[in-house]
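A.B. asks: attaching a predicted model along with its sequence, questions to come.
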Amino acid sequence: MEDDFAEGILQNTTGKMKATKYLSVNAYGAAINAFTILSGLLLKGEPCDDICVVLDGDEFRTPETKVERINMALTGEDEKAKRLRRLAGSKSYNLISLMAIIQSHMFIRFCALI
């Protein structure tokens with residue numbers, strides 16, 4: 001699935017719900033970039049309560065592969081690094097999972113589409 005296609009699905013779904021104003025979409029290219037971007041936001045201390053990273057599903061399909069990439073982007077064994085890795089894992093969705101969240105009326109301010 002291409003970035004434009006995934007964005008179209010998000011825009012179409014939120015548009016039907018009259019919720020497009022609650023969604024801000026940013027595309028960041030290759031899937032591997034998602035983990036770097038999310039890690040950077042977390043390390044910077046940005047509020048990430050309403051942020052998620054959306055993967056279109058052609059790479060990093062399993063939770064294990066996502067955790068592996070998060071661990072590579074957020075290194076360290078101190079408590080802060082461990083906490084940020086757990087948080088990063090809860091912010092990564094595939095497109096199908098995100099559709100279920102959107103349809104349950106949980107709106108997201110920012111999505112990095114990969």
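C.D. replies: Ah, there it is.

A.B. asks: was I right to think A73 contacts L43?
C.D. replies: No - using CB atoms under 8 Å, A73 makes no contact with L43, being 9.4 Å away. Where you see a C-beta, it was placed from the backbone N, CA and C, and this is true even at glycine.

A.B. asks: that's a strand at C52, yeah?
C.D. replies: Yes - under DSSP: H, G, I helix; E, B strand; the rest coil, C52 sits within a strand.

A.B. asks: hmm, back to that, of A73 and L43, who's got more company?
C.D. replies: Neighbours were counted for A73 and for L43 using other CB atoms under 10 Å; A73 has more, 21 against 14.

A.B. asks: just list the residues touching the more buried one, thanks.
C.D. replies: A73 is in contact with 35-36, 38-39, 88, counting by CB atoms under 8 Å, 6 or more residues apart in numbering.

A.B. asks: pLDDT at it, what is it?
C.D. replies: What the model reports as pLDDT for A73 is 89.

A.B. asks: got the contact list for L84?
C.D. replies: Counting by CB under 8 Å, 6+ apart, L84 touches 39, 42-43, 74.

A.B. asks: tabulate the residues you listed in CSV, adding columns for distance to K66.
C.D. replies: Converted to CSV, the contacts of L84 look like this (distance: CB to CB, whole Å):
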residue, distance to K66
S39, 12
L42, 15
L43, 18
L74, 12
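
A.B. asks: list the buried residues of whatever helix or strand I37 lives in.
C.D. replies: Assessed by DSSP states H and E, I37 sits inside helix 31-44. Going by neighbour count (16 or more other CB atoms under 10 Å), the buried part of helix 31-44 is 31, 34-35, 37-39, 41-42.
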